[in-house]
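Q: need coordinates for the below:
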Amino acid sequence: MTDTHTAIGGPPRLTRLTFHGPLSETRAHGLVQRLTRTNPTTVLDIGCGWGELMLRILAAAPEATGTGIDVNAEDLARGRRNAEARGLTQRARFVEESAVGTSRGPADLVLCVGASQALSTAQPPHHTTEALRELRRLVTDGGRVLLGEGFWQRTPTPAELSGMWPGASATDHHDLATLLDLTVAAGFRPMGVPPARAKPRAWGRTETASLDEWEEFESAYQADVEVWLAEHPGHPLAAETRERLDRHRAQWMSYRGVLGLAYLTLVPAR
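A: The predicted structure follows:
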């Protein structure tokens, strides 16, 4: 909901979400540990929202500064409040602007989690190729990119597509193998699980969100509003809120187990 809705007694917005995506505390901790092993000094977060992962990385890398870019002023304000509460105001900036063609790189670590569309004006799935080219431009040669990108776990059926977002098509996403091929074509090497004798600081992982992570995210995404609606059935905003919630829940049930999210740690190829 918007600030206007909240101001007139409408439901709160996303207060039960820690991350704006299917990301567990366990996975987040592992990502922070791996992404800070190369001692980044500059972090760029594309489509940052309130920048929770960036703030955790800054806390673990005390020499680093971070810039988060997003177009949602409410999310950015939340990020600034969180940065202040954690003593990170001097090292974390939240900027309200488009990421298309941004000149804020290159950075040692670039985060783009569920936000590749912010780097491209192309339509899905072609935006992924353009976004990967932009990410290669925005990362230093010795740096890292964390890309969180949607993919089809299997080809959705026509019935499933009809229940997803408006205009959903089987061409909206690639499968995981194709996504990995695209990262290589854009000038990256996707980091995999290390051999037994590899030095830990030299490796990351290719991993995908679990069903538990998706369910925790989707449930928390709606929880504030569901509770508000149950407590305010006669509110002037109740009817439109109920319709929106029911529509989103039906969409989630259509892509549950079909739409995946890959967390890819990418190394620029020289």
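Q: all the strands of the chain, residue numbers only.
A: 42-46, 65-70, 92-96, 107-113, 139-152, 188-190, 206-208, 259-268 (DSSP state E).
Q: need the contact list for residue 64.
A: 36, 40, 41, 42, 43, 57, 58, 91, 108, 109 (CB atoms under 8 Å, 6 or more residues apart in numbering). Placement of C-beta: from N, CA and C, glycine included.
Q: ok, now residue 268?
A: 136, 139, 140, 141, 142, 143, 145, 187, 188.
Q: and the residues you listed, which is closest to residue 207?
A: residue 145 (14.5 Å; CB to CB).
Q: one step back: buried ones among the contacts of residue 268?
A: 136, 139, 140, 143, 145, 187, 188 (16 or more other CB atoms under 10 Å).
Q: wait, the second one touches residue 145, no?
A: In other words, residue 139. Yes: using CB atoms under 8 Å, residue 139 makes contact with residue 145 at a distance of 5.2 Å.
Q: list residues touching both of the two?
A: What both residue 139 and residue 145 touch, as defined by CB under 8 Å, 6+ apart, is the set 109, 110, 268.
Q: what's opposite the first one in the beta bridge?
A: Each beta-bridge partner of residue 109 is listed here, defined by DSSP bridges: residue 43, residue 144.
Q: where in the stretch 101-250 of the chain is pLDDT low?
A: For the stretch 101-250 of the chain, the stretches with pLDDT under 70 are 192-205.
Q: now the helices for the stretch 1-150 of the chain?
A: 3-7, 25-35, 52-60, 73-85, 126-138 (DSSP state H, counting those that start in this stretch).
Q: okay, buried residues for the fourth one please.
A: Right, the one you point to is helix 73-85. For helix 73-85, by 16+ other CB under 10 Å, it's 74, 75, 76, 78, 79, 80, 82, 83.
Q: what of the third one?
A: Of the residues in helix 52-60, those with enough neighbours to count as buried (16+ other CB under 10 Å) are 52, 53, 54, 55, 56, 57, 58, 59.
Q: right, so of the helices of the stretch 1-150 of the chain, which gets closest to residue 240?
A: Using CB to CB, the nearest of those to residue 240 is helix 3-7, at 9.4 Å.
Q: mean confidence score for that closest one?
A: The pLDDT scores in helix 3-7 average 44.
Q: again, but for stretch 43-56
A: On average, stretch 43-56 scores 98.
Q: so how far is that stretch off the chain centroid?
A: Centroid separation for stretch 43-56 versus its chain: 9 Å, with CA atoms, centre = their mean, to the nearest Å.
Q: how about the CA coordinates for it, as PDB?
A: Coordinates of the C-alpha atoms in stretch 43-56 are reproduced here as PDB (Å, rounded to 0.1, in the frame of the first residue of the first chain):
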ATOM      1  CA  VAL A  43      29.400  -1.800  -2.800                       C
ATOM      2  CA  LEU A  44      26.700  -0.900  -5.300                       C
ATOM      3  CA  ASP A  45      23.100  -2.200  -4.700                       C
ATOM      4  CA  ILE A  46      20.900  -2.000  -7.800                       C
ATOM      5  CA  GLY A  47      17.200  -1.900  -7.000                       C
ATOM      6  CA  CYS A  48      18.100  -1.900  -3.400                       C
ATOM      7  CA  GLY A  49      14.700  -1.400  -1.700                       C
ATOM      8  CA  TRP A  50      15.700  -0.800   1.900                       C
ATOM      9  CA  GLY A  51      19.100  -2.400   1.300                       C
ATOM     10  CA  GLU A  52      19.100  -5.000   4.100                       C
ATOM     11  CA  LEU A  53      21.700  -7.200   2.400                       C
ATOM     12  CA  MET A  54      24.000  -4.200   1.600                       C
ATOM     13  CA  LEU A  55      23.800  -3.000   5.200                       C
ATOM     14  CA  ARG A  56      24.800  -6.400   6.500                       C
END
